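**Q** following is a predicted model, sequence given first.
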Amino acid sequence: MKTCLVVDDSKVIRKVARHILEALDFTVAEAGDGQEALTHCTTMVPPDVILLDWNMPVMSGIEFLRALGEAELPRRPKVVFCTTENGSAHIRAAIEAGADEYVMKPFDRDTIESKLQIVGVA
Amino acid sequence: MDMSPLAAGAFSKLLERATGQELLAARRWRIETALGPVLKAEGLDSLDQLATRLGRAEEGRLIQDVVEALLNHETSFFRDIAAFRSFADEALPAIAERRIDTRRLRIWSAGCSTGQEAYSLAIQLHRATERWQDWDVSILATDVSPQAISRAREGLYGQLEIQRGLPIGDMLGWFEPEAESWRAKMELRRTIAFAVHNLMEAAPAGRFDIVLCRNVLLYFPIATRRSVLDRIAQSMAPDGLLFLGAGETVLGQSDAFEADRELRGFYRLKGWQAAQD
């Protein structure tokens, strides 16, 4: 079973994402900000994929992504940004920082499933 | 909303007469949802009233609206990603090898709905620009629905549509933001010829090297599938490839095609492979 870490400061979004991911047979973990997600990835077995919000307290999604790139991990998770920042400039910045895919909120199950297929984890 | 069996039958017959597609009993639940906007636009209270009006000769436009509403336009970019990879990595090179002298490739996306399949094809070809640089490649994309073809030509997709199946790099590379939507760049749009075409009629002129007819046959009754496949067969080059949707087959539905021996999910005109032995 594949694992996914959902990183979002909104409990509602985490709940919706969990619901979709569990229906797609993923084991789901949650983090409320980038720092919490970084701790998760560096102290536990990194997930197969991370669904990552952009604007969060403590550590933003883009800061987390840069920190993740510098961290020594046994394997690098795929990272799918999932955010309301829908402009081309933000998308390009996310890809330059190492994101594998990008989901513009609002999303639905088909969107999440197809992006997970594109990055090769579904 | 109540709908008499008579009305359900009338909508079903109308769709089949216009497009060859059948409205299976299991899909009749869609009628209410699909025809809701038509009822509203016409100021009608019930589907039975709508069915009654369809019997009048002067209701040509209304008939067209009802048929459009009953058609299923469900599609996505690179639908069934594994099959599309096989198309790109195996089928395209196989057919290209056989066209190395003429450097001409004719592709028909039959039943293209709102165009995502055709744009996926065009993007796929652009990904290997060097390979096709001095080739004459054409993509014809057709659908029975004028509304779907109009949307396909516009190449304008909402946020949910653009994200279904399309890698983010391709979205940034081939589409431009327009309000809350994304429009295919002219460079991409001009590589595809979109046209209204009914698969119940003769196939478009040309000898196609590759025909994609994916997730279309399932809407036709078995006997109709056979005649549709016969017409597609007549439109294909002798060594052409037919690409069907996941879970679709020609087995028991066509005497014109047989499965390709090497390319899973692809079909050849019957007899061609034996003639190569």
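**A** Here it is on my side, so go on.
**Q** C-alpha only now, for contacts and for neighbours.
**A** OK.
**Q** surely B:D209 is in contact with B:I107?
**A** Yes: with contacts counted by CA atoms under 8 Å, B:D209 reaches B:I107, the gap being 6.0 Å.
**Q** what's the average pLDDT for the top helix by length along chain A?
**A** Longest helix in chain A by number of residues (criterion: DSSP state H): helix A:11-23. For helix A:11-23, the mean pLDDT works out to 97.
**Q** report all helices and strands that the helix or strand just after it contacts.
**A** Next along the chain after helix A:11-23, taking DSSP states H and E as the criterion, comes strand A:27-31. The contact analysis (3 or more CA pairs under 8 Å, 6 or more residues apart in numbering or on different chains; DSSP states H and E) places strand A:27-31 against strand A:3-7, helix A:11-23, helix A:34-43.
**Q** what does the stretch 151-277 of chain B have sitting close to chain A?
**A** Along the stretch 151-277 of chain B, the residues adjacent to chain A under the rule CA under 8 Å from any CA of the partner chain are B:Q159, B:L160, B:Q163, B:R164, B:G165, B:L166, B:P167, B:I168, B:L172, B:P177.
**Q** please convert those to JSON lines, extending it with distance to A:L24 and neighbour count.
**A** Shown next, in JSON lines, are those (distance: CA to CA, whole Å; neighbours: other CA atoms under 10 Å in any protein chain shown):
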{"residue": "B:Q159", "distance to A:L24": "22", "neighbour count": "19"}
{"residue": "B:L160", "distance to A:L24": "19", "neighbour count": "17"}
{"residue": "B:Q163", "distance to A:L24": "18", "neighbour count": "24"}
{"residue": "B:R164", "distance to A:L24": "16", "neighbour count": "24"}
{"residue": "B:G165", "distance to A:L24": "16", "neighbour count": "25"}
{"residue": "B:L166", "distance to A:L24": "19", "neighbour count": "24"}
{"residue": "B:P167", "distance to A:L24": "19", "neighbour count": "22"}
{"residue": "B:I168", "distance to A:L24": "21", "neighbour count": "20"}
{"residue": "B:L172", "distance to A:L24": "27", "neighbour count": "15"}
{"residue": "B:P177", "distance to A:L24": "30", "neighbour count": "19"}
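**Q** from A:H90, how far out is the residue nearest the centre of chain A?
**A** The residue lying closest to the centre of chain A (CA atoms, centre = their mean) is A:L51, at 1.9 Å. Remark: distance between A:L51 and A:H90 (CA to CA, to the nearest Å) = 16 Å.
**Q** next one: the longest helix of chain A to chain centre, how far?
**A** Taking CA atoms, centre = their mean, to the nearest Å, the mean C-alpha location of helix A:11-23 is offset from the chain mean by 12 Å.
**Q** the inter-axis angle of that helix versus strand A:27-31?
**A** 160 degrees (axes from the mean of the first three to the mean of the last three CA atoms, to 10 degrees).
**Q** list the helices and strands helix A:11-23 packs on?
**A** Applying 3+ CA pairs under 8 Å, 6+ apart, we find helix A:11-23 packed against strand A:3-7, strand A:27-31.
**Q** what does that helix rub up against?
**A** In this structure, residues lying in contact with helix A:11-23 by CA atoms under 8 Å, 6 or more residues apart in numbering or on different chains are A:C4, A:V6, A:V7, A:D8, A:T27, A:V28, A:E30, A:G32, A:R109, A:I112.
**Q** return it as PDB; C-alpha atoms alone will do.
**A** Only the C-alpha atoms of helix A:11-23 are listed here, as PDB (Å, rounded to 0.1, in the frame of the first residue of the first chain):
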ATOM      1  CA  LYS A  11      -8.300  20.500   8.800                       C
ATOM      2  CA  VAL A  12     -11.200  20.400   6.200                       C
ATOM      3  CA  ILE A  13      -8.800  20.100   3.300                       C
ATOM      4  CA  ARG A  14      -6.800  17.400   5.000                       C
ATOM      5  CA  LYS A  15     -10.000  15.500   5.700                       C
ATOM      6  CA  VAL A  16     -11.200  15.800   2.100                       C
ATOM      7  CA  ALA A  17      -7.800  14.700   0.800                       C
ATOM      8  CA  ARG A  18      -7.600  11.800   3.200                       C
ATOM      9  CA  HIS A  19     -11.100  10.700   2.100                       C
ATOM     10  CA  ILE A  20     -10.000  10.700  -1.600                       C
ATOM     11  CA  LEU A  21      -6.600   9.100  -1.000                       C
ATOM     12  CA  GLU A  22      -8.000   6.300   1.200                       C
ATOM     13  CA  ALA A  23     -10.500   5.500  -1.500                       C
END
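**Q** quick one: work out the angle between it and strand A:3-7.
**A** Relative orientation of helix A:11-23 versus strand A:3-7 (the same axes, to 10 degrees): 170 degrees.
**Q** quick one: secondary structure of B:F87?
**A** Following DSSP: H, G, I helix; E, B strand; the rest coil, B:F87 is assigned to helix.
**Q** tell me the pLDDT at it?
**A** 91.
**Q** what's the answer for the one 4 residues further on, then?
**A** Note on B:A91: pLDDT of 92.
**Q** ok, now how distant is it from chain A?
**A** In this view, B:A91 and chain A are 20 Å apart by CA to the nearest CA, to the nearest Å.
**Q** and that residue, what does it touch?
**A** So B:A91 contacts B:L241, B:L263 (CA under 8 Å, 6+ apart).
**Q** now do 7 Å
**A** Counting by CA atoms under 7 Å, 6 or more residues apart in numbering or on different chains, B:A91 touches B:L263.
**Q** where does the residue nearest to the spatial centre of chain B fall, phi/psi-wise?
**A** With distances taken as CA atoms, centre = their mean, chain B has B:G111 as the residue nearest its mean C-alpha position (2.0 Å). Per-residue torsions, B:G111: phi 80, psi 50 (degrees, to the nearest 10).
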